[in-house]
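# Have a look at this fold, sequence not included:
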């Protein structure tokens, strides 16, 4: 082979080698790009999964579920029941904000509270307007048949043979009957009139009962006696009941007192919106009312913020089933008072005493975890 042929052959070999290097480099780049694309794929999938979770409204439990701790016993009991079930059955963290009625409801409107377990128009005047405006959502009633008014021990009307008590006000059914029975409720400080125990000064119930007292003309036959506290009002009834003595006064259900004693609500003229608006306005303005009627029979609603209702469908499903008959509420509150336990302990007692009830509110697996936690 000539020297020229050899040189051409060597040049061709070098060209082929250079081309191979270029091809190899391109394949490496392609592999690197593919690796980058592969890494990107899970990230895109994760984003899609997150979007699907949010669309499904799954509660992630990344913060406590906050309850409004209003200042009456039944709602505090309901709070502790719901908290125990959510914590032990669902694995969620909960918290509470205690306070007075209007500030707490405003806190819920501001998004600081997720759930209020027993809210009614008579307790929280801004509730209905907020509900109609879509600022809060009702998840249904936690209890109903909430009533207020003037009550008497049932033995005063019917007697109590077992306790040897004769009826001292037979036929007493309506406030219109009270003038005929004032002597049965004689005021120990004024023998010419009867005594009515009314609400604590400053209570809405006290103001409402005052305007009704005068509208019904009861001031001619009775004196109003205003206890200094809710505890004093309760004590006056319990003490009279234990002694089989007369008692006439303002109270309501649910309450622990109604779980301990048998009392009868006196009838009044039938409720109407027009009448009730007038009674409330007169009570607020401190003037005489132009009409009077019975308190409305109301429900206590479980109230959520719209945002929480969307984010926590499993919690919503549970609370939509949450309902306690008012007699059970009265019994639970009475047990709490008799045994001197707090609301947390009362909730544990309730969960053990009424398993068939609360277990119907939740899925089987949740109920099983709650049972295990109670052991």
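Good, I have the coordinates. Every value quoted in this text rests on a predicted model; they were computed, and no experiment measured them.
# wait, doesn't residue 328 sit right on residue 357?
Yes: if you go by Cβ atoms under 8 Å, residue 328 and residue 357 touch, sitting 7.4 Å apart. To be clear about C-beta, it is placed using only N, CA and C from the backbone, and glycine gets the same treatment.
# Geometric centre of this protein: which residue is closest?
residue 117 (0.9 Å; Cα atoms, centre = their mean).
# Now do the phi/psi pair for that residue.
Per-residue torsions, residue 117: phi -90, psi -10 (degrees, to the nearest 10).
# and the spatially closest residue to it that is not a sequence neighbour, what helix or strand is that in?
Of all residues not flanking residue 117 in the chain, residue 78 sits nearest, at 3.9 Å (Cβ to Cβ, 6 or more residues apart in numbering). If you go by DSSP states H and E, residue 78 is part of helix 73-84.
# Let me know the average pLDDT across that helix.
Helix 73-84 shows a mean pLDDT of 96 in the predicted model.
# which helices and strands sit right next to it?
Judged by 3 or more Cβ pairs under 8 Å, 6 or more residues apart in numbering; DSSP states H and E, helix 73-84 is in contact with strand 65-69, strand 94-98, strand 115-119, helix 326-339, helix 343-353.
# Name the residues of it that are buried.
Neighbour counts using 16 or more other Cβ atoms under 10 Å place 73, 74, 75, 76, 77, 78, 79, 80, 81, 82, 83, 84 of helix 73-84 among the buried residues.
# again, but for stretch 96-105
Quick answer for stretch 96-105 (16+ other Cβ under 10 Å): 96, 99, 101, 104, 105.
# quick one: what helix or strand has the fourth one in it?
Read that as residue 104. helix 101-109.
# Contacts for the strand or helix carrying residue 237 next, please.
Using DSSP H and E, the element containing residue 237 is helix 230-243. For helix 230-243, the surrounding residues in contact (Cβ atoms under 8 Å, 6 or more residues apart in numbering) are 153, 197, 199-200, 227, 245-247, 249-251, 255-257, 260-261, 263.
# what's the answer for stretch 211-224, then?
With contact meaning Cβ under 8 Å, 6+ apart, stretch 211-224 is reached by 175-176, 178-179, 182, 185, 187, 189-190, 193-196, 198, 210, 248, 268, 279, 282-283, 287-289, 291-292.
# What is the end-to-end distance of that stretch?
For stretch 211-224, the first-to-last residue distance is 12 Å (Cα to Cα, to the nearest Å).
# Please apply the same query to stretch 314-332.
In terms of Cα to Cα, the two terminal residues of stretch 314-332 are separated by 27 Å.
# in it, what counts as buried?
Neighbour counts over stretch 314-332 (16+ other Cβ under 10 Å) mark 314-316, 318-319, 322-324, 326, 328-332 as buried.
# Three-state assignment for residue 257, please.
On the three-state scheme (DSSP: H, G, I helix; E, B strand; the rest coil), residue 257 is labelled helix.
# count of neighbours near it?
Neighbours of residue 257 under the rule other Cβ atoms under 10 Å: 22.
# With the one 10 residues further on instead?
A count of nearby residues for residue 267, using other Cβ under 10 Å, gives 15.
# for it, phi and psi?
phi -70, psi 150.
# sorry, back to before: closest one of the buried residues of stretch 96-105 to residue 112?
Within the buried residues of stretch 96-105, the smallest distance to residue 112 is 9.1 Å, found for residue 104 (Cβ to Cβ).
# okay but that closest one is in contact with residue 115, surely?
No: contact criterion Cβ under 8 Å: residue 104 and residue 115 do not qualify, at 11.3 Å.
# Find residues that contact each of those two.
Taking Cβ under 8 Å, 6+ apart as the contact rule, residue 104 and residue 115 both touch residue 68.
# you'd agree residue 125 is in a strand?
No: counting by three-state DSSP, one finds residue 125 to be coil, located in no strand.
# Could you report the separation of it from residue 106?
Computed as Cβ to Cβ, to the nearest Å, the residue 125 to residue 106 distance reads 12 Å.
# which element is the closest residue to residue 263 other than its chain neighbours on?
If the residues on either side of it in the chain are set aside, residue 263 comes closest to residue 151, at 4.5 Å by Cβ to Cβ, 6+ apart. Using DSSP H and E, residue 151 falls within strand 137-153.
# in its sheet, what does that strand sit against?
Sheet pairing of strand 137-153 (DSSP bridges) gives strand 249-253 (antiparallel), strand 263-265 (antiparallel), strand 298-304 (antiparallel).
# For the helix or strand that comes right after the last one, buried residues please.
Think strand 298-304. Following strand 298-304 in sequence order, the next helix or strand is helix 306-311 (DSSP H and E). Residues of helix 306-311 classed as buried: 308, 309, 311 (neighbour count, 16+ other Cβ under 10 Å).
# can you pull the contacts of the second one?
Residue 309 sits next to 137, 139, 316 when contact means Cβ under 8 Å, 6+ apart.
# what do you get for the first one?
For residue 308, the contact set (Cβ under 8 Å, 6+ apart) comprises 65, 114, 115, 315.
# so how far is residue 203 from the closest residue in space to residue 269 that isn't next to it in sequence?
Closest residue to residue 269 apart from its sequence neighbours, by Cβ to Cβ, 6+ apart: residue 293 at 4.5 Å. Remark: distance between residue 293 and residue 203 (Cβ to Cβ) = 19 Å.
# Please say which of these two ends up with more neighbours.
More crowded of residue 293 and residue 203, by other Cβ under 10 Å: residue 293, with 19 against 15.
# before we move on, what SS does that one have?
At residue 293 the chain is in coil, as set by three-state DSSP.
# Any regions of this structure where pLDDT drops low?
For the chain, applying pLDDT under 70 flags the ranges 1-61.
# can you list the domains in it?
In terms of domains, the chain is parsed into 65-119+305-374, 147-285 (source: automatic domain parsing).
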